[in-house]
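Student: Coordinates only, no sequence provided:
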């Protein structure tokens, strides 16, 4: 990953962090605040692959850790894992399709919330997440799908990142 690409990804990550903490972050769907940062890390993984998804997830997780009530580092672990698994799509034999990308992004964002719940349970922490796990997962599924559907193509065009700068994936069978 080149230095200019890292700077672009950091600036975009800061933008998503600001959106999360701004008025847009006060939106409540079924009693749950959507998490833009995990959806963004999944989208980075879809666009740039496993490593960039994990790095973006780690950095965005550090941002999330700065304004959440979970122990420092937990969000970084979860977001990096979700971004990595979203980037794993490039090494599968699934066809290149926006529908597949949207489904993978939704599954990774929702799976990230389930993983966060599991990590918090292992640490013995009881949060509001255990009371609203199903609605939180559903909201994150929707957010992951929206980010992959709307923002991934926009991010590719605006930042000129994506498939043209990395080796072709194995999905093009």
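Tutor: Here it is on my side, so go on. Nothing here was measured: the structure is a model prediction, and the numbers come from that model.

Student: tally of neighbours for residue 80?
Tutor: 23 (other Cβ atoms under 10 Å). In short, each C-beta sits where N, CA and C put it, glycine included.

Student: The top helix by length along the chain packs against which elements?
Tutor: In the chain, with assignment by DSSP state H, the single longest helix is helix 98-122. Packing partners of helix 98-122 (3 or more Cβ pairs under 8 Å, 6 or more residues apart in numbering; DSSP states H and E): helix 36-48, helix 74-87, helix 133-146.

Student: most tightly surrounded among those helices?
Tutor: helix 36-48 (a mean of 30; mean count of other Cβ atoms under 10 Å).

Student: State the next helix or strand along the chain beyond that one.
Tutor: Next along the chain after helix 36-48, taking DSSP states H and E as the criterion, comes helix 50-65.

Student: and the longest helix of the chain, which residues are buried?
Tutor: Buried residues in helix 98-122, defined by neighbour count with 16 or more other Cβ atoms under 10 Å: 100-113, 115-117, 119-120.

Student: Flag the helix or strand of the protein with the lowest per-element mean pLDDT.
Tutor: helix 152-159 (a mean of 76; mean pLDDT, DSSP states H and E).
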